[in-house]
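Peer 1: The following block contains a protein sequence and its predicted model.
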Amino acid sequence: MTTSTNGAFDRTPFIAGNWKMNMDHVQGITLLQKLAWTLSDAKHDYNRVEVAVFPPFTDLRGVQTLVQGDELDIAYGGQDLSQFDSGAYTGDISGQFLGKLGCKYVLVGHSERRTIHHESDEVLNAKVKAAYKHGVTPVLCVGEGLEIRQAGTHVEHTLKQLRAGVAGLTAEQAAELVVAYEPVWAIGTGEVAGPEDAQELCAAIRAELATIFGDDAAAKIRLLYGGSVKASNVAAILNEPDVDGVLVGGASLDPAEFANIVRFESHLLTDQS
Ligand SMILES: O=C[C@H](O)COP(=O)(O)O
């Protein structure tokens with residue numbers, strides 16, 4: 001995999017599929033096989049892109065076996081982790097277990113965890129630190145709901161979540177971080193934020209990260225947009241200078257559609273021709 005340039009920076013585009021609570025371990029393997037087959041058909045179109053999937057926990061062992069056995073160039077990760085290492089935390093999954101399963105990434109603070117499971121900024125900060133402790137890179141999710149967007153306080157709201165999530169990290173840790181900006185009103189609704197909205201927030205997030213960790217670290221941090229991303233809108237979103245990738249929900253369950261999202265650069269070429 002080579003590293004692409006993105007504006008003045010040098011960040012590899014990151015295309016991630018969050019399967020959420022879909023696909024049992026049999027369906028998950030079929031989906032991943034179809035995705036790998038579809039992508040291998042046009043490897044030249046995505047060899048500058050990092051592709052990752054976030055299956056349910058019960059799928060991860062099978063995904064590991066397939067990825068390692070077939071030497072797939074697809075990373076995978078958990079959708080959540082515990083802030084604790086081990087112990088009496090029924091139902092929780094340690095970052096240590098994810099690391100041992102070969103997970104490169106883990107989602108932290110997805111809006112569905114924040115709202116349905118009431119995960120606080122303090123807990124999410126502990127989860128971010130737990131991920132680093134176990135050698136798994138956190139994908140910290142931030143973003144505002146509709147009421148906050150309508151009130152016009154979405155930038156400050158999102159930056160507050162960001163500051164809380166990254167509190168106490170070193171600049172070296174931060175440089176590895178991935179941040180996903182997901183306006184809640186655009187998740188699973190078909191309402192996609194405009195490319196300019198994604199850029200506004202990603203630029204604000206990068207500026208805030210530069211204030212906290214310095215310009216060098218901030219220039220390395222990959223910022224994703226998530227919310228109703230499809231093959232038809234991904235190119236315009238990724239054409240923005242501070243948007244380095246996308247976190248895809250529903251469309252990642254269709255291997256042909258997700259593969260087309262991965263091939264966003266060919267859409268850019270088509271759009272500009
Ligand atoms: O994690 C993914 C986001 O929640 C976006 O989901 P969506 O693409 O179905 O809107």
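Peer 2: That came in fine, so what should we check first? Numbering: from 1, shown residues only.
Peer 1: Whichever residue of the chain sits closest to the ligand: what's its closest spatial neighbour, skipping adjacent residues?
Peer 2: Of all residues in the chain, Gly249 sits closest to the ligand, at 2.3 Å by CB to the nearest ligand atom. The C-beta positions use only the backbone N, C-alpha and C, and glycine is treated the same way. Leaving aside its chain neighbours, Gly249 sits nearest to Asn18 (5.2 Å; criterion: CB to CB, 6 or more residues apart in numbering).
Peer 1: Check whether the one you found really touches Gly77, as I assumed.
Peer 2: No - at 9.5 Å, Asn18 does not count as touching Gly77 under the criterion of CB atoms under 8 Å.
Peer 1: Mutual contacts of those two, please.
Peer 2: Applying CB atoms under 8 Å, 6 or more residues apart in numbering, one finds that Asn18 and Gly77 are jointly contacted by Phe54, Leu107.
Peer 1: which residue ranges form the helices in the stretch 51-200 of the chain?
Peer 2: 60-69, 95-100, 111-116, 121-133, 146-151, 154-166, 171-176, 195-213 (DSSP state H, counting those that start in this stretch).
Peer 1: buried set for the fourth one?
Peer 2: Going by neighbour count (16 or more other CB atoms under 10 Å), the buried part of helix 121-133 is Asp121, Val123, Leu124, Asn125, Ala126, Lys127, Val128, Lys129, Ala130, Ala131, Tyr132.
Peer 1: Of those, which is the nearest to Ala218?
Peer 2: Val128 (16.5 Å; CB to CB).
Peer 1: Per-residue pLDDT of the closest one, please?
Peer 2: Note for Val128: predicted pLDDT of 98.
Peer 1: Apart from its chain neighbours, what residue comes closest to it?
Peer 2: Nearest to Val128 is Pro138, by CB to CB, 6+ apart, at 4.7 Å.
Peer 1: Show me the strands in the protein, by range?
Peer 2: Ranges of strands in the chain, per DSSP state E, are 14-18, 50-54, 75-78, 105-108, 137-142, 178-181, 222-226, 245-248.
Peer 1: and the stretch 1-150 of the chain, which residues reach the ligand?
Peer 2: Neighbours of the ligand within the stretch 1-150 of the chain, by CB under 6 Å from any ligand atom: Asn18, His110.
Peer 1: Many thanks, we can stop here.
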